Each structure stands twice: as C-alpha cells, then as structure tokens.
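[1] After the sequence you'll find the predicted model.
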Amino acid sequence: MNSYRAAIVGCGSISSVHAAAVKENGAELCAVCDIKPERAHALSEKTGAAAYILFEQMLKAEKIDVLHVCTPHFLHLPMAKAALARGINVVLEKPPVMNMKEFQSLSEAEKNGNVQLCVCFQNRFNATTVHAKKLIDSGKYGALLGARGIVTWNRRGAYYTESGWRGRYNTEGGGVLINQALHTLDLLGVFLGEPTDVRAVCANLSHSEIETEDTVCAEIDYGGKNAVFYSTVSACKSPCAEIMLFCERANINLSFRECAVYPEDEKPEIFSVSDITPGKSCWGSSHSELIGKFYSSLDKIGNEQNPCPLESCRGTMDAMCRIYSGGLITV
C-alpha cells in the first residue's frame, strides 16, 4: 500500500478515532486543523501532526492525499468540496450533507474532482452486521419481511449549549435523527433497500434548549418491506442501538455486540463480538476497517472498491429528508 498523507479537519471527540485508523492502516497523519487552537494542538501533540487553525491555510501548506472531515454538520459540504476541487480524496463523517440539494451538489463535486469520497457509515462493517447480512442473503430463514430500529439515548444540557452548533437547524440540520440515529436508519436501508414511502412524526418533548427534534417515530416502506423506527435522546442511559429483522422463519436481533437469531421452534443462535476496539460502542468499532478498505481502493489492491461511496448513501439521506418533511411538533 502507498504511504498516503492524511489530514484531519475538526479535532473533536471522533477525530481521535480517525487518527488511530489512519495509523493502523499505514498512512501518515501530516496535519490536523480546528478553529479552537487547544483542540488542534492537543491532537497534534498526541499524533505528531502539524497543527493548523485555518482550514484553507492547511490545504495550501500541506500535500494531502486524503482529508478526513470531522467537523460540525454545516461544514461538511463546503470543506469536502474544497478538498475535492484540489484533487484530494475525502473521508467524510456522517451526515454527508443536511439535505438532498446538498447531496446533489456534493455528488457533482466528486465527479468533477476525479477523486473519491467515502462516507463514514462504519456500522455497515461491524462483525454483527456482516454476519446478519450473510444469514439473510443465504435464505436460510426465508425472505426478509421487514424490520424495526430503536435508538434510545441520553443527551442533556451542556451537550447542546456548549457546542455552539448542536440543536440548531442551520448548523446541525436537525436533531436526534441526523445526529444520533442516522447509523441505525442507514442499516435499515442496507438490509431492506431503497425507501419508497415514509410516514413520520418529529417532536421536541423535553429539550427546551434546542430548536430541533429530540424524538422521532416513523414507519418506512422499503418496496413492500415494512420498517418501524423510533429514536430519542430523552432516555436515562445510552444503550446500544438495536435492529430486529423479521424473516419468514426467524427473527434476528442485531446490536453492535451481538447478533441473536431466534428461529421458529429451534434454539436461539448467538453470534457475539468479544474483541471490541476501544471507542464508544454506539459508534461501533469499524472505522479502521472502513478506512482501511478505502485506502486499499485508492491503491486498487485486489478488487477493493470504495466501501461507502456517496451514491450508496442516497437512500439513507432520502429517508431522513422524508422524515423531516413531516415537520416538527412542539409539545
């Protein structure tokens, strides 16, 4: 594999996961950038990368092969486009964009730049996700009929008020759905396909400090396969998100740590993950695998393809935008 020069813009909590993945996959982290100097310098000291405060300055000063964008949502599109225009490949944290107009703009920028963009829907590569997908594709338990996705987490006070951007439509793009629950919505599409109809309610039930939703309830039709979806940040704790897949002859309960199959009239089959990469379990631990696959695709190692191209996220973003089109109910 070539020794690629990588850079990270946005040195918040997820940046350390990207920095570790860059190192694990043999690339050089040459620069990090954040408008908060203390954050940029902290990651610089930890990794040995040069620290920058201004994004454009970093792009001009450094020879960058891959830019990892880990900034607040409203900066994803302009920063990704700036890199693509310079011929720099991009690893982009979710959400790739905040609406479908932005999606089209980013898609065009990628094509015009003649480089690749990879979106961090890393939970597609969790061992439990891969195991469940193999079971369903095998047809062992009959056709997949539908699913449910549940995300019940806790976010309060300072999480929003100290960020400067969360909980605001113009900077976050929404609330619990676009931020905490988007990985789960994405996995529903991985298993069920493209959404064809969405009926949903978004509400702010208990967070007076934000203008966005803290709770979402939706019914999504995936071409005849039904999914129900519920997410909130009003729970007392933040357990792993869960997906239950309903097949003709079994139910499959999927979390980050376990894939449990409950066949009709048979004993359950449990596939557990014991080797957990350090990091928040709600993120999954597959950043390194996704990023490694992306770097391999740049090298054209074997038949490796971009593991999560922007176009593969169209259905997820379409479902998200359809849910939001129902509007916010304030209770």
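    Yes, it's here. In this text, all values refer to a predicted model and were calculated from it rather than measured experimentally.

[2] Just want the phi and psi numbers for the residue sitting furthest away from the middle of the chain.
    Most distant residue from the mean C-alpha position of the chain: residue 265, 36.5 Å away (C-alpha atoms, centre = their mean). Residue 265 adopts backbone torsions of phi 60, psi 30, taken as degrees, to the nearest 10.

[3] residues contacting it?
    By C-beta atoms under 8 Å, 6 or more residues apart in numbering, the contact set of residue 265 is empty. No exception for glycine: its C-beta is placed from N, CA and C like everyone else's.

[4] Any stretches of this structure with poor pLDDT?
    Counting by pLDDT under 70, the ranges of the chain that qualify are 1, 275-284, 301-302, 327-331.

[5] Mind jotting down where the helices sit in it?
    Here the chain has its helices, by DSSP state H, at 15-24, 37-47, 55-61, 76-85, 100-113, 127-138, 158-161, 169-172, 182-192, 287-299, 314-324.

[6] Remind me what the second one packs against, helices and strands.
    Helices and strands in packing contact with helix 37-47 are listed as helix 15-24, strand 28-33, strand 50-52; criterion 3 or more C-beta pairs under 8 Å, 6 or more residues apart in numbering; DSSP states H and E.

[7] Next, format the helices of the chain as JSON lines and append mean neighbour count and distance to residue 243.
    What follows is those, written out as JSON lines (neighbours: other C-beta atoms under 10 Å; distance: least, C-beta to C-beta, whole Å):
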{"stretch": "helix 15-24", "mean neighbour count": "21", "distance to residue 243": "22"}
{"stretch": "helix 37-47", "mean neighbour count": "17", "distance to residue 243": "33"}
{"stretch": "helix 55-61", "mean neighbour count": "16", "distance to residue 243": "36"}
{"stretch": "helix 76-85", "mean neighbour count": "21", "distance to residue 243": "25"}
{"stretch": "helix 100-113", "mean neighbour count": "16", "distance to residue 243": "24"}
{"stretch": "helix 127-138", "mean neighbour count": "17", "distance to residue 243": "8"}
{"stretch": "helix 158-161", "mean neighbour count": "14", "distance to residue 243": "25"}
{"stretch": "helix 169-172", "mean neighbour count": "16", "distance to residue 243": "24"}
{"stretch": "helix 182-192", "mean neighbour count": "23", "distance to residue 243": "6"}
{"stretch": "helix 287-299", "mean neighbour count": "21", "distance to residue 243": "19"}
{"stretch": "helix 314-324", "mean neighbour count": "22", "distance to residue 243": "14"}
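
[8] In a markdown table, list those along with distance to residue 152.
    Formatted as a markdown table, these follow (distance: least, C-beta to C-beta, whole Å):
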| stretch | distance to residue 152 |
| --- | --- |
| helix 15-24 | 23 |
| helix 37-47 | 30 |
| helix 55-61 | 36 |
| helix 76-85 | 26 |
| helix 100-113 | 28 |
| helix 127-138 | 19 |
| helix 158-161 | 16 |
| helix 169-172 | 20 |
| helix 182-192 | 11 |
| helix 287-299 | 23 |
| helix 314-324 | 17 |
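
[9] Which of these sits closest to residue 205?
    Nearest of the helices of the chain to residue 205, taken as C-beta to C-beta: helix 158-161 at 14.6 Å.

[10] distance between that closest one and the chain's centre?
    21 Å (C-alpha atoms, centre = their mean, to the nearest Å).

[11] which residues are in contact with it?
    166-167, 207, 209-210.

[12] quick check, nearest of these to residue 298?
    Using C-beta to C-beta, the contacts of helix 158-161 come closest to residue 298 at residue 166, 32.6 Å.

[13] How many residues are close by that closest one?
    Per other C-beta atoms under 10 Å, the neighbour tally for residue 166 reads 19.

[14] Same question for residue 6.
    Neighbours of residue 6 under the rule other C-beta under 10 Å: 28.

[15] Surely it is in contact with residue 63?
    No. Counting by C-beta atoms under 8 Å, residue 63 is not a contact partner of residue 6; they are 11.0 Å apart.

[16] The helices of the chain: which one's closest to residue 256?
    Taking C-beta to C-beta, helix 127-138 is the member of the helices of the chain nearest to residue 256, at 6.5 Å.

[17] from the chain's centre, how far out does that closest one sit?
    So, by C-alpha atoms, centre = their mean, the centroid of helix 127-138 is 19 Å from its chain's centroid.

[18] And for stretch 151-163?
    Between the centre of stretch 151-163 and the centre of its chain there are 18 Å (C-alpha atoms, centre = their mean).

[19] Just the C-alphas of it, formatted as CSV.
    What follows is stretch 151-163, C-alpha atoms only, in CSV (Å, rounded to 0.1, in the frame of the first residue of the first chain):
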residue,chain,number,x,y,z
VAL,A,151,-32.2,4.2,19.4
THR,A,152,-32.9,5.4,23.0
TRP,A,153,-30.0,7.6,24.2
ASN,A,154,-29.4,10.4,26.6
ARG,A,155,-28.3,13.9,25.7
ARG,A,156,-28.8,16.8,28.0
GLY,A,157,-28.0,20.5,28.7
ALA,A,158,-24.3,21.1,28.2
TYR,A,159,-24.1,18.7,25.2
TYR,A,160,-26.1,21.3,23.3
THR,A,161,-25.4,24.6,24.9
GLU,A,162,-21.6,24.3,25.0
SER,A,163,-21.2,23.0,21.4
